[in-house]
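In: After the sequence you'll find the predicted model.
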There are 2 protein chains.
Amino acid sequence: MPSLSEENYLKAILFLSGQAQEPVSTSELAARLETKAASVTEMLRRLAEKKWVEYRPYKGVYLSPAGRDLAAKVLRKHRLWETFLVEKLHFGWEEVHEVAEQLEHISSPKLTERLSAFLGHPEYDPHGDPIPDPNGVFPKRPKRTLSEVPAGEKVLVQGVRDGDSDFLRYVRQLGIALGDELEVEAVQPFDQSQQVRHGERLLTLSAIAAANIYVL
Amino acid sequence: MPSLSEENYLKAILFLSGQAQEPVSTSELAARLETKAASVTEMLRRLAEKKWVEYRPYKGVYLSPAGRDLAAKVLRKHRLWETFLVEKLHFGWEEVHEVAEQLEHISSPKLTERLSAFLGHPEYDPHGDPIPDPNGVFPKRPKRTLSEVPAGEKVLVQGVRDGDSDFLRYVRQLGIALGDELEVEAVQPFDQSQQVRHGERLLTLSAIAAANIYVL
DNA sequence: ATTAAAAATTAGGCTGACCTAAAAATAAAG
DNA sequence: CTTTATTTTTAGGTCAGCCTAATTTTTAAT
């Protein structure tokens, strides 16, 4: 049974190593977890002892199969709770992250599965991010971002990248919601910024913003 | 902001001091929290420093208004979550306690109030225990136990005393559920045990068991 | 009222999870 | 290929929350 802190480390490693299982550096973890490098080193030694990560001093860490499984379970809970908060308790899109950070550590497999059933076994959370199944397997989906869409094409907003509540607030402020139709009118060659039609309005989105919006 | 441990101590003091705000002893707390007296003493000093309790060494402890408020908020969350688990996720009566012990520490006033609304602002949890309102005020109700019911009277099961999962299991095993009608047929004078009719069946309940069943 | 028993507190230690400062290893620059 | 800069680790300290053992206070019993 990992502690709350250990769960947060495992989750951070999962996030930072991406799908490719690339090793993660001490400083990356320290930045993400808002802690100091020395604390990270110490924790990594403990996680390695428990066989949840493979850790080579100075070289980085990656998750063991057991660690990956634990991290996926935490992520599953996080995304299920986010779904619950938005769909059942009518929270705003951008308010759910912090609360889900707490709820994700509740330890009760029965609760998790009942919650999933209650929500109709969703495969994606309100941000459009995939929810791992009870075995830690992600539903895969063509993950296309708005920035990949050429001028002239119409797309549906599927979600936004999770984790940055400033961005979530910005998107909401623009009036863009899940399921909305967007049409890319033009892409500026020099900075990849896009002119996008959203209903009546014409919006300008930076390349960075466009890369954080998932579309279908 | 109380820590998780501090919340548990406050909740335990609230429970043990009852409605009369009687002072609670170190050993009572140690027993309830499954910890050692020395640990309790240490924590009480800390709680007193934070003005959540009034603590007189060797004399006992009771909650300050601020501490009582914090404890009531935790209890409110506990009972709301129990209600959620039973009514929405179809947990059994006796399975919810442990999970609610975790959920009660989630800190988000907005979540608590949305959850309460989602459940229709219940005043009693599935065990029949009262849920304090957001200001820590309990709905009061004539709290009658089965042991107070004289022979010949018919009553409805309103709930059972929370906290002892052995007892919850026993009640369920007897087939008694919330809302069931019971008729006290006889009370044995020598040990106060009761013969109770439950539908077709005739049950014998000890005085101790009867004192733990709330009726209306 | 004294003594024995029970309850509570103090003293001193341990662990997890953090920190700062110093040292060591790796990477980057001349 | 050295030297410098950056990253990482080690060393040593703090704090919350628990523990055992020893001491003190209170309560109960003679």
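Out: All right, it came through fine. Model, not experiment: these values are computed from the prediction.

In: Chain A: strands as residue ranges?
Out: In chain A, the strands defined using DSSP state E lie at A:53-56, A:60-63, A:144-145, A:154-160, A:181-187, A:194-198, A:201-205, A:213-215.

In: just the CA coordinates of the fifth one, formatted as CSV?
Out: Spelled out, it's strand A:181-187. Taking Å, rounded to 0.1, in the frame of the first residue of the first chain, the C-alpha atoms of strand A:181-187 are listed here in CSV:
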residue,chain,number,x,y,z
GLU,A,181,-17.8,23.0,-33.4
LEU,A,182,-14.8,24.9,-34.6
GLU,A,183,-13.7,25.8,-38.1
VAL,A,184,-10.1,26.6,-38.8
GLU,A,185,-10.2,29.6,-41.2
ALA,A,186,-6.6,30.3,-41.5
VAL,A,187,-3.2,29.4,-40.0
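
In: buried set for it?
Out: Within strand A:181-187, the residues scored as buried using 16 or more other C-beta atoms under 10 Å in any protein chain shown are A:182-184, A:187. For glycine as for every other residue, the C-beta is placed from the backbone atoms N, C-alpha and C.

In: would you list the residues you listed in a markdown table and tack on distance to chain B and pLDDT?
Out: As requested, the buried residues of strand A:181-187 are exported to a markdown table (distance: C-beta to the nearest C-beta, whole Å; pLDDT from 0 to 100):
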| residue | distance to chain B | pLDDT |
| --- | --- | --- |
| A:182 | 30 | 79 |
| A:183 | 36 | 80 |
| A:184 | 36 | 82 |
| A:187 | 40 | 77 |
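
In: how about the residues of chain A that lie near DNA strand C?
Out: By C-beta under 7 Å from any atom of the strand, the residues of chain A that approach DNA strand C are A:3-6, A:34-36, A:38-39, A:42-43, A:46, A:58.

In: go again using 10 Å as the cut-off
Out: Selection of chain A residues close to DNA strand C by C-beta under 10 Å from any atom of the strand yields A:2-9, A:25, A:30, A:33-43, A:46-47, A:49-50, A:56-60.

In: Any of those residues buried? List them.
Out: Using 16+ other C-beta under 10 Å, the buried ones in those are A:2, A:6-9, A:25, A:30, A:33, A:35, A:40, A:43, A:47, A:60.

In: Please identify which of those is nearest to DNA strand C.
Out: residue A:35 (4.1 Å; C-beta to the nearest atom of the strand).

In: What pLDDT does the model give the closest residue to residue A:6 other than its chain neighbours?
Out: In space, residue A:6 comes closest to residue A:47 once its chain neighbours are excluded; the distance is 6.5 Å by C-beta to C-beta, 6 or more residues apart in numbering or on different chains. On the pLDDT scale, residue A:47 is placed at 98.

In: residues in contact with residue A:47?
Out: By C-beta atoms under 8 Å, 6 or more residues apart in numbering or on different chains, the contact set of residue A:47 is A:6, A:9-10, A:53, A:55, A:61, A:67.

In: could you redo the last one with a cut-off of 7 Å?
Out: A:6, A:9, A:53 (C-beta atoms under 7 Å, 6 or more residues apart in numbering or on different chains).

In: Residue A:82 now?
Out: A:96, A:100, A:125-126.

In: And the pLDDT at residue A:163?
Out: At residue A:163, the model reports a pLDDT of 53.

In: Ok, the one 4 residues further on next?
Out: In this model, residue A:167 is scored at 72, pLDDT.

In: what's the answer for residue A:155, then?
Out: What the model reports for residue A:155 is a pLDDT of 76.

In: Verify the stated contact: it with residue A:182.
Out: Yes - between residue A:155 and residue A:182 there is a contact at 5.6 Å, judged by C-beta atoms under 7 Å.

In: So for those two, which residues contact both of them?
Out: Joint contacts of residue A:155 and residue A:182 (C-beta under 7 Å, 6+ apart) are residue A:146.

In: Chain B contacts on chain A?
Out: For chain A, the residues in contact with chain B (C-beta under 7 Å from any C-beta of the partner chain) are A:88-89, A:99, A:102-103, A:106-108, A:111, A:114-115, A:118.
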